[in-house]
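> build the 3D model from these lines:
(2 chains)
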Amino acid sequence: MRSVRALAAVVLYLAAFNPAFAAEKQGGILRMYHRDSPGSASIHEEATYSVNIPFMPVFNNLVMYKQDVAQNSLDSIVPDLAESWAWSGDNKTLSFKLRQGVKWHDGKPFTSADVKCTFDMLMGKSTQKFRKNPRKSWYDQVNDVSTNGDFEVAFNLKRPQPALLALLASGYTPIYPCHVSPADMRTHPIGTGPFKFVEFKANESIKLTRNPDYWKKGLPHLDGIEFTIIPNRSTAILAFVAGKFDMTFPTEVSIPLLKDVKTQAPNAVCVVEPINVSTNIIVNSSSPPFDNLDIRRALALALDRKAFISILFEGQADIGGTMLPAPAGLWAMPKEMLETIPGYGPDVKANREEARKLMQKAGFGPDKHLQVKVSTRNIAVYRDPAVILIDQLKDIYIDGELDVVETANWFPKIARKDYALGLNLTGNAVDDPDQSFYENYSCHSERNYTNYCNPAIEKLFDQQSQETDVAKRKKLVWDIDKQLQEDVARPIIFHGRQGSCWQPYVKGVTIMVNSSYNGYRYEDVWLDK
Amino acid sequence: MRANGSSQLFAYLVRRLTLMLVTLFGISVIIFVLLRIVPGNIVDILFDAAGYVDPADKANLTRELGLDQPIVVQYLHWIGGLLHGDLGYSFVSEKPALDEILPRIPITARLAGLAIMFSASIGIPLGVISAVNQGSRLDYVLRVVSLSGLSLPSFWLGLLILMASVSLFGSMPIFNPNPKTWTEAFAIYCVPAMAVGFRSAALTMRITRSSMLEVLRQDYIRTARAKGASRASVNFHHALKNAILPVITVIGIEAAFLIGGLIVTETVFNIPGVARFLVEALRWRDYPIVQNLVMLIALVVVTANFIVDMLYAVLDPRIRYTD
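Predicted coordinates:
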């Protein structure tokens, strides 16, 4: 009896004083600033989390990453509009049983036809077309999507692809309504999600309001979410410090700025997490001088990655290959393996000595430097590492000249192969090799900017993609990643980390550690005030 | 004689209005051609956000936006629409350009009006005070203030004001479309207006001072003083009235150039006005928005110049509008 009383006392104490035990409060508007004015409100047509963050709360997926688990993995995938899923015995059919009684925000019922419509459009099989379809390649292995009645759908695959479920759980994969055109979805999105779209005033604000008929009873906790668009970072941070906003734009506070925030708003809750965005070098290997593998290898050997991280992130970033480094990343090769790749060893002096020998072999030296333009976008996160890169290249007889390219001209320029060296950032929406390898290194991918094409590696891509044994797949992925770095396909400099802050009364926020695209449903967020 | 004067004024008005139309036509051609000459277009930028450029999708979008047509046809289509009050659709938001531009005009107009008022109400009196106290300590102080006004970039001044507001009051005057109190309304409009108007005020003050110094040395001022006119009457009635013409000219020019300062101020104070919108539209190469906004600004500038010219005659009866 005494122990029962003691237990009751502990529970009461925890309920009273431990925030984790406190009941979620209903109501209130979450005020957040937005870093820029998104091009449209259609998640499927954009490739930036400037769109995911404000519009993911409007939608549901078939499945999604559990929103309070920071690391996305196959184990953290939970049902959303699908009640359950199952793989066929040959792993070539993924079927879903859909939730019944779900309504779109305009009152129409959600059925399997909406799921089919969405994926037919994504695969380019529909009469209705997206203006842009940046993730069409995600569904290359899907033959078709079939329905069985109103509440069952099946994805019929050309070959097994266990990663498909991971792609379907991404914030980039919401289900769209059949009865709303892509043009309307760009300006006035209709979803089934916890928040309804109210308005999107370009360069001004985005407003969402609570969906009172949300199929998850009792959710969301908030009455609405308001995003004020403030492109000027200093103004935005000052406004957060002054209490005008409950939360900063997620993963948008740089490490130096984070120090300012913590000084001026000591009560703010701030976290720094990996964002699964790599800063890398794109090398035009189709024309001189970088068609010479020795010069490309010298380039890779010249990199002092720790110096980049120390200058730009005060030490808070990670060194890795294509896949996001551990512990946040699921697929990164072990450190011992990474250090065997040329340029990743800890002795920078020795690496550069080797690089100089390679340069001399290619005909360059102290008296004959290689003159090269280092192209990059006119955005600070691109420009700053490009300047450090130019400085480091001096050590191996390469004189780099910064070629700053306006955003409007960046992709046309690299598509024309009108560059020698470029500094680029690559974001991965899903921490899965299928997304990263096929998108960035596959021979026919639109986003394979360097046109790196290695048929042997391509076969390995398919092999790992079909492997259902996670341990075996991991081993394959490590070998591929190592080979990509050794081929200097797109030398990875570092994987950045960014900060997010919120006021202490904002509860239920989880910043995901291996993707900055999937954690913005906001149905569990509440305000303790 | 009076009829002759009226007809001369009418002829002058017709001439000026014709000149205004020719200027606007010239600007419309220049902005239209320039926008299409600068590297990068809306289609590339829309694809930039998607991270790739697909030639087939790009061709479709180019056709959808009417950018595959010859430039002359595009121009005539735009001008034809403009003359009928149809400004077209924003390429980015896909909303009517008029709906995007109209709500922003009052915000910027309010800000610009307040900035000009601030500039005139501070610059002219201080310029007069500085001139009549030439060589005094007060004159030196005011000249230093005016010099600093000309030297401080408005974005820097704006940020400084925001930082000071946060550290002193724990709040900041960031734009809110529905201010709850008059103090909030004051803060969200007047503080940015002061930030942007400070430079104009400094310039107005310097022009007023130098113009006043010139007038104060005139014989008729000495005569007025000799006749026993009060100091205030001499300074403001006799001197300022004659010194004001160059000041009006400068204020008119400054009003035209204010848009440049407003771009920065609207960005720093996050005010959703026309100036910031123009920059964003330019970044996106949102042709319908940029073209129509530039035309609107051009119209404001030529009208301001016209009004200034008309004001000359009101302020100085010696000026006559003849050939």
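> now do the strands in the stretch 251-400 of chain A.
Remark: strands assigned in the stretch 251-400 of chain A by DSSP state E, counting those that start in this stretch are A:269-283, A:370-377, A:398-405.
> for my notes, please list those strands in CSV and give distance to residue B:313, mean neighbour count and mean pLDDT for each entry.
(Each C-beta comes from the backbone N, C-alpha and C, glycine too.) Putting the strands of the stretch 251-400 of chain A into CSV (distance: least, Cβ to Cβ, whole Å; neighbours: other Cβ atoms under 10 Å in any protein chain shown; pLDDT from 0 to 100) gives the following:
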stretch, distance to residue B:313, mean neighbour count, mean pLDDT
strand A:269-283, 63, 22, 97
strand A:370-377, 54, 20, 95
strand A:398-405, 51, 16, 95
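> so which bits of the stretch 151-300 of chain A are right by chain B?
Contact residues, the stretch 151-300 of chain A versus chain B (Cβ under 8 Å from any Cβ of the partner chain): A:183, A:186-187, A:200-204, A:228-232, A:234-235, A:238-239, A:241-244, A:264.
> give me that answer again for 10 Å
A:183-184, A:186-187, A:200-205, A:228-232, A:234-245, A:264-265 (Cβ under 10 Å from any Cβ of the partner chain).
> now a ChimeraX select for only the buried ones of those.
Selection of buried members from these for ChimeraX, criterion 16 or more other Cβ atoms under 10 Å in any protein chain shown:
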select /A:186,200,201,202,203,204,205,228,229,230,231,232,234,235,236,237,238,239,240,241,242,244,245,264,265
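> out of the residues of the stretch 151-300 of chain A next to chain B, which are inside strands?
A:200-201, A:205, A:228-229 (DSSP state E).
> show me which pair in the residues you listed is furthest apart.
A:200 and A:228 (12.3 Å; Cβ to Cβ).
> any shared contact partners between the two?
A:206-207 (Cβ atoms under 10 Å, 6 or more residues apart in numbering or on different chains).
> now whichever residue of chain A sits closest to chain B, nearest residue through space, not along the chain?
Nearest to chain B, among the residues of chain A, is residue A:408, at 2.6 Å (Cβ to the nearest Cβ). Excluding the flanking residues, the one nearest residue A:408 by Cβ to Cβ, 6 or more residues apart in numbering or on different chains is residue B:40, at 2.6 Å.
> and the stretch 151-300 of chain B, which residues reach chain A?
B:155, B:158-159, B:162-163, B:165-167, B:169-177, B:264, B:266-273, B:276-277, B:279-281, B:283-286, B:289.
> what segments of the stretch 101-250 of chain A are helices?
A:112-122, A:164-168, A:182-187, A:233-241 (DSSP state H, counting those that start in this stretch).
> could you export these as TSV, including mean pLDDT?
Formatted as TSV, those follow (pLDDT from 0 to 100):
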stretch	mean pLDDT
helix A:112-122	98
helix A:164-168	98
helix A:182-187	96
helix A:233-241	93
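> how many residues are close by residue B:239?
Neighbourhood size, residue B:239 [other Cβ atoms under 10 Å in any protein chain shown]: 25.
> so it, which state does it fall into?
Recorded secondary structure, residue B:239: helix (DSSP: H, G, I helix; E, B strand; the rest coil).
> where in chain A is pLDDT low?
In the predicted model, chain A carries pLDDT under 70 at residues A:1-22.
> chain B too?
Counting by pLDDT under 70, chain B has low-confidence residues at B:1-5, B:49-50, B:53, B:320-323.
> chain A - how does it break down into domains?
Segmentation of chain A into domains, based on automatic domain parsing, reads A:38-190, A:275-497.
> pipe those domains into a markdown table and attach distance to residue B:241 per row.
Formatted as a markdown table, those follow (distance: least, Cβ to Cβ, whole Å):
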| stretch | distance to residue B:241 |
| --- | --- |
| domain A:38-190 | 55 |
| domain A:275-497 | 51 |
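> of all those domains, which lies closest to residue B:60?
domain A:38-190 (7.7 Å).
> let me see the contact set for the residue nearest to residue A:408.
A:405-413, B:48, B:283-285.
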